[in-house]
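Peer 1: Show me how the following folds:
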Amino acid sequence: MYFLLLLAGLLFYILRNYIYYHADQPRTYTISRKKEQKINYFTQHTFDENSNDYYDILVKVLVLCTYDVEKFRTNASEDFPFRRLEEDIEFVFTEEIFKTLLRNNLIGAATVPKLLQFKEAASKITEDEWFFEKVDLNLDERWKEIGKIAKNLLNDMKIEN
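Peer 2: Okay, here's the model as predicted:
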C-alpha cells in the first residue's frame, strides 16, 4: 500500500512540474539559421538572364581569394568587407546558380572538380572566422590553399587577375 501511495505521489509531482513548466513557457518558435538552400520560385529563364552576373561574382570571388592582406585592403572597400566574401562563395555554389553557370557554358565540366575543391577549401574557414575577420591572410595555411586553388582556376578559365 505504501508503494502505491509513493508511486501516486511521484506521478503527481511529475505531472505538476510538467504543467508548471509548460504554463510558464511562452508559445514562441525559434528560428535557427541553416545553410540549407531555400526553395526558390525563379524560373530557369530568370537564372539564365542573370547568368553573366553570376559568372562575374564567381570571378570576383576567385580573384579576391588570391589576395594577401595588403592587396585585399587596397582593393576591397568598406562596402565589401572580408566577411562578405563568404556570402558570395555560398551564393555562387548554390545548386541553381551552379547549374546555370554550367548550362550557359560559362564554366566547363572540366572546371567543376576544381571549383568543388575550392569550395571545400573555403568551407574549412568557420562562419565566425569569416564574420569577425579572424583569418590572417598572410599566414593562415587554409587561406594560402584557397589562394592557390583560386589562382589555378583563374588560369584554367584564362582570366588575368
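Peer 1: Quick check: pLDDT value at Ser32.
Peer 2: We note a pLDDT of 51 for Ser32 in this prediction.
Peer 1: Could you give the separation of whichever strand or helix holds Asn152 from the chain centroid?
Peer 2: Take DSSP states H and E as the rule and Asn152 turns out to sit in helix 141-156. On the basis of CA atoms, centre = their mean, to the nearest Å, helix 141-156 sits 18 Å off its chain's mean C-alpha point.
Peer 1: Please apply the same query to stretch 149-161.
Peer 2: Counting by CA atoms, centre = their mean, stretch 149-161 is centred 22 Å from the centre of its parent chain.
Peer 1: now stretch 48-60
Peer 2: Worked out by CA atoms, centre = their mean, stretch 48-60 lies 18 Å from the chain centre.
Peer 1: Show me which residues of it are buried.
Peer 2: Judged by neighbour count (16 or more other CB atoms under 10 Å), stretch 48-60 contains these buried residues: 51, 54-55, 57-59. Where you see a C-beta, it was placed from the backbone N, CA and C, and this is true even at glycine.
Peer 1: which ones are touching Glu145?
Peer 2: If you count contacts by CB atoms under 8 Å, 6 or more residues apart in numbering, Glu145 has them with Ala121.
Peer 1: Quick check: what element follows the biggest helix by length in the chain along the chain?
Peer 2: If you go by DSSP state H, the chain has its longest helix at helix 2-24. Next along the chain after helix 2-24, taking DSSP H and E as the criterion, comes helix 44-49.
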